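>>> Give me a 3D structure for the following:
(one chain, ligands or ions: 2)
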Amino acid sequence: MTIFTASTTAPVNIATLKYWGKRDKTLNLPTNSSISVTLAQNDLRTLTSAATSERFDEDQLWLNGKLESLESERTQHCLQDLRDLRAKLEAQNPSLPSMSKWKLHIVSENNFPTAAGLASSAAGFAALVVAISKLYQLPESASEISKIARKGSGSACRSLFGGYVAWEMGTAADGSDSKAVEVAPQDHWPEMKAAILVVSAAKKDTPSTSGMQHTVGTSDLFQERITNVVPKRFEEMKQAIWSRDFAQFAELTMRDSNSFHATCLDSYPPIFYMNDTSRQIVKLCHQINAFFDEVVVAYTFDAGPNAVLYYLQENETKVMAFIHQVFQQNSGWDSKFSKQDLEVFSEYFTTDVAPDMAFDLDLDLHKGVSRVILTQVGPGPQDTTECLIDTTTGIPK
Ligand SMILES: Nc1ncnc2c1ncn2[C@@H]1O[C@H](COP(=O)(O)OP(=O)(O)OP(=O)(O)O)[C@@H](O)[C@H]1O
Ligand SMILES: C[C@@](O)(CCOP(=O)(O)OP(=O)(O)O)CC(=O)O
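Ligands and ions are numbered 1, 2, ... in the order given. Got it, this is the predicted structure:
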């Protein structure tokens, strides 16, 4: 039997202006536009292979080696949209194989923990949709394909691009203008680094979807956020990216994380995503910025306690002098920095920071953190020759 296959990788993205709230739950239409930074894929990526054949009996997904259901309404929406686009192509060119009528086998691997607040659903749905659109040889642009990924998981639409990405909320009831667009490519501002402090790799307790529905339905502050705060911030953040103004970008990022978590706290009953460790990390970042009398680091938190810190390469020694000092006992340093690099951070702390420091560092803070992931801004989905499917049997290798 002939088995057609296609594979892709897709990145994680971490929002600097948060998507929180849906105006349409089925189509995943948001109540506000959002902005994110796409992260490099050597540290966090999904690899997905899709196959189709006249002989396959059912649609199947293997995720990290285990069969997973494809039955969720969201996944079904994605598959249906992709098949509809393929059917259009086949109608225009009857010599094409009738893939739109055949079943799909999808095999996917995340190189990082799934469902742990590290945006696995974003990378996962982006990879799924891109792999199938490649298999179907769809001519649609990345923005068009992002609308399909959006139906899988809202934030997934932003993983269709590298660099700095906006999800324009749109106004159409059918979602036809709610799509991801590039704000700036990776090479516009390649110096952006990210340090993820994994506070808890456990599955979170309030899933994003139900959390945002609860906030939309019960928080008064939420109305203020979507009406007055975010629209202005959306324009300001794009400007900060275009002009590579880190101080402005960082302040907007921190304020927006705080604003989003404030609406969670203002929900009734409240939702708590950040924990004591998260709050101590917020405090530490403000202490670092105050110490240097310059904004050198920004924090942001998604629907969980993990912290993502953004900083520029040029300020790495300043930021890492503190972060390494506090979190050096956590794993993750050796894969990115040499022994000499780490010594530079320690020495800078001892000679340039400690003598002038007017506050005490909480050296127990590392106990609330399980590991550190050191990464940076990265590209969008990448073609790959790696295929997770055996092309003679159609099942995982
Ligand atoms: N590679 C993948 N392919 C297809 N679906 C995936 C993949 N990875 C994750 N998912 C889907 O996403 C779900 C996890 O999403 P969830 O929102 O709970 O966690 P998360 O994305 O890691 O966290 P967060 O959205 O808070 O950052 C999985 O249960 C699975 O359904
Ligand atoms: C806090 C966030 O990370 C929320 C992400 O929510 P999801 O995209 O996971 O939600 P669904 O659309 O219901 O799948 C903010 C963001 O990424 O913008």
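
>>> What strand or helix carries the closest residue to residue 77 other than its chain neighbours?
Nearest non-adjacent residue to residue 77, counting by C-beta to C-beta, 6 or more residues apart in numbering: residue 151, 4.3 Å away. Backbone N, C-alpha and C define where each C-beta goes, glycine included. Assigned by DSSP states H and E, residue 151 belongs to helix 142-152.

>>> How is residue 35 assigned, secondary-structure-wise?
Here residue 35 is strand, with the state taken from DSSP: H, G, I helix; E, B strand; the rest coil.

>>> related to what we said a few turns ago, now check the helix holding residue 151, is it near ligand 1?
No: Helix 142-152 stays clear of ligand 1 (C-beta under 6 Å from any ligand atom), getting no nearer than 7.6 Å.

>>> now for that helix, which elements pack on it?
helix 73-92, helix 120-135, strand 179-184 (3 or more C-beta pairs under 8 Å, 6 or more residues apart in numbering; DSSP states H and E).

>>> any idea which of the ones you listed is most buried?
helix 120-135 (a mean of 28; mean count of other C-beta atoms under 10 Å).

>>> thought residue 236 was touching residue 251?
No: using C-beta atoms under 8 Å, residue 236 makes no contact with residue 251, being 9.5 Å away.

>>> For residue 373, the count of nearby residues, please.
21 (other C-beta atoms under 10 Å).

>>> I'd like the distance from the helix holding residue 151 to the chain centre, please.
The chain centroid and the centroid of helix 142-152 are separated by 15 Å under C-alpha atoms, centre = their mean, to the nearest Å.

>>> A strand includes residue 61, no?
Yes: per three-state DSSP, residue 61 lies within a strand segment.

>>> so what's residue 72 up against?
By C-beta atoms under 8 Å, 6 or more residues apart in numbering, no residues touch residue 72.

>>> distance of it from ligand 2?
Here the distance between residue 72 and ligand 2 works out to 11 Å (C-beta to the nearest ligand atom, to the nearest Å).

>>> picking that back up, of the helices and strands packed on helix 142-152, which is nearest residue 334?
Nearest of the helices and strands packed on helix 142-152 to residue 334, taken as C-beta to C-beta: helix 120-135 at 24.2 Å.

>>> ranges for the helices of the protein?
73-92, 120-135, 142-152, 208-218, 221-224, 230-242, 246-265, 276-292, 316-327, 339-348 (DSSP state H).

>>> Can you mark which positions in the fifth one are buried?
This points to helix 221-224. Residues residue 222 are the ones in helix 221-224 that count as buried (16 or more other C-beta atoms under 10 Å).

>>> Could you check how far the residue of the chain found nearest ligand 1 is from ligand 2?
Residue of the chain nearest ligand 1, by C-beta to the nearest ligand atom: residue 124 (2.3 Å). Distance, residue 124 to ligand 2, by C-beta to the nearest ligand atom: 10 Å.

>>> same check, this time on residue 14
Look at residue 14 and ligand 2: by C-beta to the nearest ligand atom, they are 7 Å apart.

>>> That residue: what's it in contact with?
36, 37, 39, 119, 194, 300, 302, 308.

>>> neighbours around the nearest residue to the second one once chain neighbours are set aside, how many?
Distance criterion C-beta to C-beta, 6+ apart; nearest residue to residue 37, sequence neighbours excluded, is residue 377 at 5.5 Å. Residues near residue 377, counting by other C-beta under 10 Å, number 24.

>>> now do residue 7
A count of neighbours around residue 7, defined by other C-beta under 10 Å, yields 24.

>>> my read: it touches residue 381, true?
No: checked against C-beta under 8 Å, the pair residue 7 and residue 381 is beyond contact range at 10.4 Å.

>>> Is there any residue in stretch 34-43 that contacts ligand 2?
Yes: contact of stretch 34-43 with ligand 2 (C-beta under 6 Å from any ligand atom) involves residue 34.

>>> give the contact list for residue 190.
376, 377.

>>> Residue 123 now?
Going by C-beta under 8 Å, 6+ apart, residue 123 touches 10, 11, 12, 44, 45, 46, 110, 156, 159.

>>> Those: which ones sit near ligand 1?
Contacts with ligand 1 are made by 46, 110 out of the contacts of residue 123, judged by C-beta under 6 Å from any ligand atom.

>>> ok, of the contacts of residue 123, which one's closest to residue 77?
Nearest member of these to residue 77, counting by C-beta to C-beta, is residue 156, at 12.1 Å.

>>> Setting the sequence-adjacent residues aside, check what's closest to residue 16.
Nearest to residue 16 is residue 253, by C-beta to C-beta, 6+ apart, at 4.2 Å.

>>> Could you measure from that neighbour over to residue 237?
Applying C-beta to C-beta, to the nearest Å, the value for residue 253 to residue 237 is 8 Å.

>>> who has more neighbours, these two?
Between residue 253 and residue 237, counted using other C-beta under 10 Å, the more crowded position is residue 253 (27 against 24).

>>> quick revisit: closest one to residue 18 among the helices and strands packed on helix 142-152?
Proximity to residue 18 (C-beta to C-beta) singles out helix 120-135 among the helices and strands packed on helix 142-152, at 12.8 Å.

>>> Output that closest one as CSV, nothing but the C-alphas.
Taking C-alpha atoms only, helix 120-135 is exported to CSV below (Å, rounded to 0.1, in the frame of the first residue of the first chain):
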residue,chain,number,x,y,z
SER,A,120,2.8,21.8,25.2
SER,A,121,-0.6,22.3,23.8
ALA,A,122,0.6,25.3,21.7
ALA,A,123,3.5,23.4,20.2
GLY,A,124,1.5,20.2,19.9
PHE,A,125,-1.5,21.7,18.0
ALA,A,126,0.8,23.9,15.8
ALA,A,127,2.8,20.8,14.8
LEU,A,128,-0.3,18.7,14.2
VAL,A,129,-1.8,21.3,11.9
VAL,A,130,1.4,22.0,10.0
ALA,A,131,2.3,18.4,9.5
ILE,A,132,-1.1,17.6,8.0
SER,A,133,-1.1,20.8,5.9
LYS,A,134,2.3,19.7,4.5
LEU,A,135,1.0,16.1,3.9
